[in-house]
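I'd like to go over a predicted model; first the sequence, then the structure.
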Amino acid sequence: MMKNKFTTFIFMGFLLIFSILNIVLPPTEISLSERRRLHLFSDLEIRELLTGDFLEDFDQAALDQFFLREQFRRLKAIIDGKLFHKTDNNDIIVIGDSAYKLDYPLNTESVTRFTELLHTITALYAQDNPVYFAMIPDKNYYVDPGPDFLTMDYEKLEQLLAEQLEDITIIDLTDTLSLDDYYHTDPHWKQENLDMVVARLQEAMGMETDFSQIAYKAEQYAPFYGAYYGQSALNLAADTLTYRISEVMKDVIVTNFEYRGDPDKAPGVYETDKLDSMDSYDVFLSGSTPLITLENPNSTTDKELVIFRDSFASSLTPLLIEEYQKITLIDIRYVSHEIIGDYVDFGDSEILFLYSTLVINHSEILK
Amino acid sequence: MLFSSISFLYYFLPIVLVAYFAVPYRWKNLVLLLSSLGFYFFGEPQYTIILIFSTIVDYTHSLVIEKKRGQPAAKAALISSIVLNLSILGFFKYADFFIRNINAVFSTDFPLLHLSLPLGISFFTFQTMSYTIDVYRNEASIQRNPLGLATYITLFPQLVAGPIVRYRTVANEINDRTHSFDLFAYGVRRFAIGLAKKVLIANQLGELYQITLQTDNPTVLFYWIGAIAFSLQIYFDFSGYSDMAIGLGRIFGFHFLENFNYPYISKSVSEFWRRWHISLGTWFKDYLYIPLGGNRGSTLIWFRNIFIVWFLTGFWHGANWNFIFWGLYFGILLILEKAILQRILNRLPKLVQHAYVILIVVLGFVIFNNEDLGVIVQTFQGMFGGLHLPFANAETIYYLRSYAVVILIAVIGATPLMNNLVHRGTKDRVAEKWINFFEPIFLIALLLIVTGYLVDSSFNPFLYFRF
């Protein structure tokens, strides 16, 4: 029968075309959309063959190196949404043009571990310093929960933090932000929308600078595809990334302790080379790094600030530099809090713990 | 190697298909044998020797049986073959179970062996035993060509997860089989549909089941969703694998028997087991139940036979007490049905009969799926309100909403509705033309979508691989 011949040839053709393309095309080393290194085919070794490890590695590489991999991931995301009507794909929920990551439920043990860590750090380094804590709500905070959306119990989170951080001054940022202040395709907040956040910090921490009088020049980068863009695998509209430059910022001396010893690395407040990297958000203070300092030679005060932080602080900190002679940023996701005293002199610095709910709910990543 | 892996679909299978159809007919069994050994070796290199040993045992013993037919030596050879096969299975699968229980009963401290279970050992052991027994009973002709027997035992489409293909089913085709576009296309259809059942339905139900297990906020509804999701998952997983095996077999010219026949439409537990894992049920019936006497003799003997068969059916599925309880649970229900329940069921509306089977099966899979007896009790408590949980919460509603279509497709797919529609369509000339036109497109679309899911996901274990 003609149909059976056709089915046979089309099936064989389909398998063979993809097989041959998979074999002959050069390997891809990095997935930009997923921001990770892809598995590569390894050489055949007898020992690995005999232990079964070879097939395991081969399976991983075959998945990662598949021809049109991104398009196939997109096809899956579309079928998940349009055919199966699933509310999320790989925990990414898309509403309109915005992507959100499911972070559910509230992990109370994580919150307790987090607050205990803050107490430990305070006891170690900042017994006599003014200490502040500000929770950065992730953007799910501002989405109305319903049958198609699931959010952690933020009310309980705030209650737990208030109970467990009684001896630390808590700064409430929740009413200074709204959904519009976050990128559509990324978890982070937009630097250009942080005026109210800065004002709230100024008020709570007694800063003397009138931030509203600072003139910024706004530089823009587009298209900016955030972290959730790749994870969603869908063709979401890109964001525009804006970073603000003031006259004072131009003179700020930035020391990234990961770059020490490399005279060519003097990135400044904004490392614009990073705009075209895997994560354009790394333009702010060079992205993830354990320890970085900003020194303001134009400062009229000798005030210093130490911020224990996650990535949200990278875009906020430049906006605070006018107030301080020095700001030190410590990211204990990448360096243990136990050894940070070897590198940082806390003196009489103000201490700000600035963490997003995403980290507070997964505090196992803090060292 | 999993059928539903990129490695199999886009590396192993095309190479084997090209090699198989490129060589002259007399070499086809050799290509199949080498492919099958390679298939097994890549997944389980250290145990390939067991597969080869098992083949040699059955080949040599069957020769003795044939040569000494009618003499005590033939029976001795049969017993020797069965003992050797069951010893291998017992050693690798059940040694630690017995050691654990001996230690528990006699307060001894024998160390556990911690052996990993050779892939598909339960399946290929039963297959090889069926060959020797059939030869002894003169129900199958002996395979004198070692290549032919090895091809049958190692045949990769059904090697690691069934169906349990008995030698007599494919005896003629091992020696002489035909290949055609009709067979190939039928095989492609079955394979693609099985693959979609596994990847698009079973894996997603597996995700849902895992979510219900991992929740910090369980509800009564979540316990039920978990139990139902698993019951559907295991059906689509295993029947999908059987479809793929049958489809691949057909491509290579073999006709394997069906392993599933819409078990969830059954109206009694007896009927369910005539429709679920048919090859295993038939194996136990022919090689254990009937030799024990079947339903001949007194009612007590009959029930004893059912009890033994279901004890061993449960034990075959896994070396743990929950599998034994699961087997006995069905054994007792079957005895009850035969004694009294079936007569009562017959008087009830069909809907009630279906609901009875679904409930029994879903509860049964709770036993099947939890090796910890405490978890089984807790799950039952959760399902029936014994844990004083809320009926539902936001998380339950979210995931029920998210997986509603998958569950709905699974429920419809577990019935013959779609199959009947297509079958009816083929009787109408216009509809048949449309079906013929769209079928290849549909199959390729399925393959593309499945590939998308495989590429995107690393969650892809086959549930039946370790049995």
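Noted; the coordinates are in hand. Numbering: from 1, shown residues only, chains lettered A, B, ... in the order given.

ok, and what's touching stretch B:311-323?
B:93-94, B:96-97, B:122, B:280-281, B:284, B:288, B:324-328, B:330-331, B:367-368, B:370-373, B:376, B:466-467 (C-beta atoms under 8 Å, 6 or more residues apart in numbering or on different chains). Where you see a C-beta, it was placed from the backbone N, CA and C, and this is true even at glycine.

which ones among these lie within helices?
When the contacts of stretch B:311-323 are checked against helices using DSSP state H, the ones located there are B:96-97, B:122, B:280-281, B:284, B:324-328, B:330-331, B:367-368, B:373, B:376.

whichever of those residues end up buried, select them in ChimeraX.
Filtering those down to the buried ones (16 or more other C-beta atoms under 10 Å in any protein chain shown) takes a single ChimeraX command:
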select /B:96,97,122,280,281,284,324,325,326,327,328,330,331,367,368,376
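
and for residue 312, the neighbour number?
Answering for chain A, as no chain was given. Look at residue A:312: counted by other C-beta atoms under 10 Å in any protein chain shown, it has 23 neighbours.

wait, chain B
Around residue B:312 sit 16 other residues, with neighbours defined as other C-beta under 10 Å.

how about it, secondary structure?
Classification of residue B:312 using DSSP: H, G, I helix; E, B strand; the rest coil returns helix.

need the pLDDT of the nearest residue to residue A:303 once chain neighbours are set aside.
Setting aside the residues directly before and after it, residue A:303 is nearest to residue A:324 in space (C-beta to C-beta, 6 or more residues apart in numbering or on different chains), at 5.0 Å. Turning to residue A:324, the model gives it a pLDDT of 93.

and residue A:324, how far from residue A:198?
With the distance defined as C-beta to C-beta, to the nearest Å, residue A:324 ends up 13 Å from residue A:198.

over to residue A:113?
Noted for residue A:113: a distance of 29 Å to residue A:198, by C-beta to C-beta.

more neighbours: these two, which one.
Taking neighbours as other C-beta under 10 Å, residue A:113 and residue A:198 compare with residue A:198 leading, 20 against 15.

show me what contacts that one?
Taking C-beta under 8 Å, 6+ apart as the criterion, residue A:198 is in contact with A:211, A:316, A:319, A:320.

by neighbours, which of the residues you listed wins?
residue A:320 (24 neighbours).

tell me how far that residue lies from residue A:205.
Counting by C-beta to C-beta, the gap from residue A:320 to residue A:205 is 9 Å.

now residue B:396
Separation of residue B:396 from residue A:205 (C-beta to C-beta) stands at 43 Å.

in terms of neighbours, single out the busier of those two.
Neighbour comparison, residue B:396 and residue A:205: the larger count goes to residue B:396, with 22 against 18 (by other C-beta under 10 Å).

could you report the pLDDT at the more buried one?
What the model reports for residue B:396 is a pLDDT of 95.

and what of residue B:87?
At residue B:87, the pLDDT value in this model is 95.

a strand runs through it, doesn't it?
No: secondary structure of residue B:87, determined by three-state DSSP: helix, with no strand assignment.

check contacts around the residue in the stretch 101-250 of chain A positioned nearest to chain B.
Using C-beta to the nearest C-beta, the closest approach of the stretch 101-250 of chain A to chain B is made by residue A:150 at 4.5 Å. With contacts defined as C-beta under 8 Å, 6+ apart, the neighbours of residue A:150 are A:102, A:104, B:394, B:395, B:398.

out of the residues you listed, who has the most neighbours?
Among the contacts of residue A:150, the one with the most neighbours (other C-beta under 10 Å) is residue B:398, at 23 neighbours.

so that one versus residue A:139, what's the distance?
Using C-beta to C-beta, one gets 18 Å for the distance from residue B:398 to residue A:139.

quick one, strands of the stretch 101-250 of chain A?
Applying DSSP state E, counting those that start in this stretch to the stretch 101-250 of chain A gives strands spanning A:131-136, A:169-171, A:217-224, A:239-245.

with the stretch 151-300 of chain B instead?
For the stretch 151-300 of chain B, none of the segments meets the definition of strands by DSSP E, counting those that start in this stretch.

and it, which residues reach chain A?
Counting by C-beta under 8 Å from any C-beta of the partner chain, the stretch 151-300 of chain B comes close to chain A at B:180-182, B:184-186, B:188-189, B:192, B:204, B:215-217.

now the residues you listed in CSV, with pLDDT?
Rendered in CSV, the data for these read as follows (pLDDT from 0 to 100):
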residue, pLDDT
B:180, 95
B:181, 95
B:182, 95
B:184, 96
B:185, 95
B:186, 95
B:188, 96
B:189, 95
B:192, 96
B:204, 95
B:215, 90
B:216, 87
B:217, 89
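
closest one of those residues to residue A:240?
residue B:204 (36.0 Å; C-beta to C-beta).

contact partners for the closest one?
With contacts taken as C-beta under 8 Å, 6+ apart, residue B:204 has the following neighbours: A:84, B:403, B:406.

distance of the most centrally placed residue in chain A relative to residue A:358?
The structure's chain A has its C-alpha centroid closest to residue A:311; by C-alpha atoms, centre = their mean the separation is 5.3 Å. Here the criterion is C-beta to C-beta. By it, residue A:311 lies 9 Å from residue A:358.

so what does whichever residue of the stretch 251-367 of chain A sits closest to chain B have for phi and psi?
Sorted by distance to chain B under C-beta to the nearest C-beta, the residues of the stretch 251-367 of chain A start with residue A:361, at 12.1 Å. Dihedral angles phi and psi of residue A:361 (degrees, to the nearest 10) take the values phi -80, psi -10.

try residue A:194
When read as degrees, to the nearest 10, the backbone of residue A:194 gives phi -100, psi 10.

isn't it right up against residue A:182?
No: counting by C-beta atoms under 8 Å, residue A:182 is not a contact partner of residue A:194; they are 11.0 Å apart.

just to revisit the earlier point, wait, what's in contact with the residue nearest to the centre of chain A?
Residue A:311 touches A:188, A:281, A:287, A:288, A:356, counting by C-beta under 8 Å, 6+ apart.

and these, which two are furthest apart?
Put simply, by C-beta to C-beta the two of the contacts of residue A:311 set farthest apart are A:287 and A:356, 15.2 Å from each other.

more neighbours: the two, which one.
Set side by side, residue A:287 and residue A:356 show unequal neighbour counts under other C-beta under 10 Å, the larger going to residue A:356 at 22 against 18.

give me the nearest residue to that one, chain neighbours excluded.
residue A:136 (4.1 Å).

ok, the one you found - how many residues close by?
The number of residues packed around residue A:136, counting by other C-beta under 10 Å, is 24.

what is the burial count for residue A:170?
Per other C-beta under 10 Å, the neighbour tally for residue A:170 reads 16.

which residues touch residue 59?
No chain was given, so I picked chain A. Counting by C-beta under 8 Å, 6+ apart, residue A:59 touches B:5, B:6, B:7.

wrong one, I was asking about chain B
Applying C-beta under 8 Å, 6+ apart, the residues near residue B:59 are B:143, B:146, B:149, B:150.

out of these, which is nearest to residue A:297?
Distances from the contacts of residue B:59 to residue A:297 were compared by C-beta to C-beta; the smallest belongs to residue B:150, at 81.7 Å.

in which helix or strand does that closest one reside?
Taking DSSP states H and E as the definition, one finds residue B:150 inside helix B:146-154.

which other helices and strands contact that helix?
Applying 3 or more C-beta pairs under 8 Å, 6 or more residues apart in numbering or on different chains; DSSP states H and E, one finds that helix B:146-154 contacts helix B:28-43, helix B:48-67, helix B:121-136, helix B:167-175.

C-alpha coordinates for that helix, PDB please?
Extracted C-alpha coordinates of helix B:146-154, given in PDB (Å, rounded to 0.1, in the frame of the first residue of the first chain):
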ATOM      1  CA  PRO B 146      22.700 -21.500  18.600                       C
ATOM      2  CA  LEU B 147      22.500 -18.200  16.700                       C
ATOM      3  CA  GLY B 148      18.800 -18.700  16.300                       C
ATOM      4  CA  LEU B 149      18.200 -19.300  20.000                       C
ATOM      5  CA  ALA B 150      20.500 -16.500  21.100                       C
ATOM      6  CA  THR B 151      18.700 -14.100  18.700                       C
ATOM      7  CA  TYR B 152      15.400 -15.100  20.400                       C
ATOM      8  CA  ILE B 153      16.600 -14.700  24.000                       C
ATOM      9  CA  THR B 154      18.500 -11.500  23.400                       C
END
